[in-house]
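A.B. asks: generate a structure from the sequence data that follows.
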Amino acid sequence: MFDRKIILSSVVAITLFTTNLFSADKLLATVGTDNITLEDANNVLKAQKITYNQLKENDKKNIVNQLVDKKVLSNTAMKTNIINTAEYKETVERIKEEIALQLWMSDMAKQINVSEAEIKTYYDQNKNKMQKPLELKANHILVKTEKEANDIIDILEKSTTLEVDFKKMAKNKSTDPAAANGGDLGWFTTDKMIPEFSMAASALKVGTITAKPVKTKFGFHIIYLDDRKNPTPLSLNEVKGDIKQFLSTQEFNTKIENILKVEKAKSKITIK
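C.D. replies: Residues are numbered from 1 along each chain as shown. Sure thing, here's the model as predicted:
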C-alpha cells in the first residue's frame, strides 16, 4: 500500500510544521498591551498531544494563569539589563535566522502546486502498491506453559462446536484481559500484533485454530481465526490527498537540494 507516513528531512519538517506566526488567533488573556492566544496555549500543550479546547474548564484556567505568569516575568526580564548583554544579542540574532528560514521555506512550500494530472499519473503507475492491508478478526487463549497450550489444543481439536468451545475455554483458561470476552481481539492489521502472533493468525483459514502453540514474550497462544478481510485496492479518491502531499514533498526536497548545491558552491565552508 502507498505509505501514508512521509518521512521528511529536518529541513523540510521545519517548513511543513511551522505555524504562521502572524495568523489571527483567539484571545485568551491580555497582560498590559500583550496578548495571550489560543496558539500560545496549544504550543504549551503540544508535547502532551492535547489541545486547549480538549481540556476541562479548570485545566484551561490553570494553563491561562501559567501563561499570564510567564508573560509577567518575561516583561520584568525585558526591563532589566539582561537585554544589553552580548549573550542576549547573540541569541536574538540566532532566532532571527531561524524565523527567516522558516518563513522563507513556508513561502516556497506554498508556491508548489501539484496538478490533478500528476496525481492521476502517480496513482496509475503505483496502483498495485495502494491497497488496504490484510485485516484479521481473531480470538486467542493465552497460557503460561506449552503443555497447557497443547492440552487445550487437544481438547478443542475434538470439538464439534469449535467457536463456542474456544470462547468458553478462553474465559476459563486464558490469562489475557480479553478472556472476559472469550478472547476476542476484534479486527486488527498484522502490524498491530507482534510478528509471531500475526504470522500464525494470517496463516489460518477462517474457523480454524493454530495446530501448535504460538510462543511470544507473553506466553503461549492458541488462536482462533473468526474472519479475515483480504487486501483490497484503494481508489484514487481515497489516496488523492496522500499522493498530493507526497509529490509536493518530493518537489520541495528537489528545490531545496538544488538551492543547496548552488549556494554551497558559492560559500566558503570549512568543517573541523
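
A.B. asks: please enumerate the strands of the stretch 51-200 of the chain.
C.D. replies: 131-132, 135-143, 184-189 (DSSP state E, counting those that start in this stretch).

A.B. asks: partners of the shortest one in the sheet?
C.D. replies: When you say that, I think you mean strand 131-132. strand 232-233 (antiparallel) (DSSP bridges).

A.B. asks: for the helix or strand just after the strand it pairs with, buried residues please.
C.D. replies: Toward the C-terminus, strand 232-233 is succeeded by helix 236-266 as the next helix or strand (DSSP states H and E). Using 16 or more other C-beta atoms under 10 Å as the test for burial, helix 236-266 gives Val239, Lys240, Asp242, Ile243, Lys244, Phe246, Leu247, Ser248, Thr249, Glu251, Phe252, Ile256. C-beta here means a position set from N, CA and C on the backbone, and glycine is covered the same way.

A.B. asks: so who does the fifth one touch?
C.D. replies: It stands for Lys244. Going by C-beta atoms under 8 Å, 6 or more residues apart in numbering, Lys244 touches Val114, Ile119.

A.B. asks: how close does it get to Leu136?
C.D. replies: According to C-beta to C-beta, to the nearest Å, Lys244 and Leu136 sit 31 Å apart.

A.B. asks: with Lys26 instead?
C.D. replies: As judged by C-beta to C-beta, Lys26 and Leu136 stand 44 Å apart.

A.B. asks: please identify which of the two sits among more neighbours.
C.D. replies: Leu136 (23 against 11; other C-beta atoms under 10 Å).

A.B. asks: okay, and the beta partners of that one?
C.D. replies: Leu136 has these beta-bridge partners by DSSP bridges: Phe188, Arg228.

A.B. asks: in this structure it contacts Ser202, no?
C.D. replies: Yes: in this structure Leu136 lies within contact range of Ser202 using C-beta atoms under 8 Å: 6.3 Å.

A.B. asks: list residues touching both of these two?
C.D. replies: Shared contacts of Leu136 and Ser202, defined by C-beta under 8 Å, 6+ apart, are found at Thr190, Arg228.

A.B. asks: using CSV, write out every CA atom in stretch 71-78.
C.D. replies: Provided in CSV are the C-alpha atoms of stretch 71-78 (Å, rounded to 0.1, in the frame of the first residue of the first chain):
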residue,chain,number,x,y,z
LYS,A,71,4.3,36.9,30.4
VAL,A,72,4.6,39.0,33.6
LEU,A,73,8.0,37.5,34.3
SER,A,74,9.1,38.0,30.7
ASN,A,75,8.1,41.6,30.8
THR,A,76,10.0,42.0,34.0
ALA,A,77,13.1,40.5,32.4
MET,A,78,12.8,42.8,29.5
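
A.B. asks: how far out from the middle of the chain is it?
C.D. replies: Stretch 71-78 sits 36 Å away from the centroid of its parent chain (C-alpha atoms, centre = their mean, to the nearest Å).

A.B. asks: what's the answer for stretch 159-173, then?
C.D. replies: That offset, for stretch 159-173, works out to 37 Å (C-alpha atoms, centre = their mean).

A.B. asks: go on, stretch 240-258?
C.D. replies: 19 Å.
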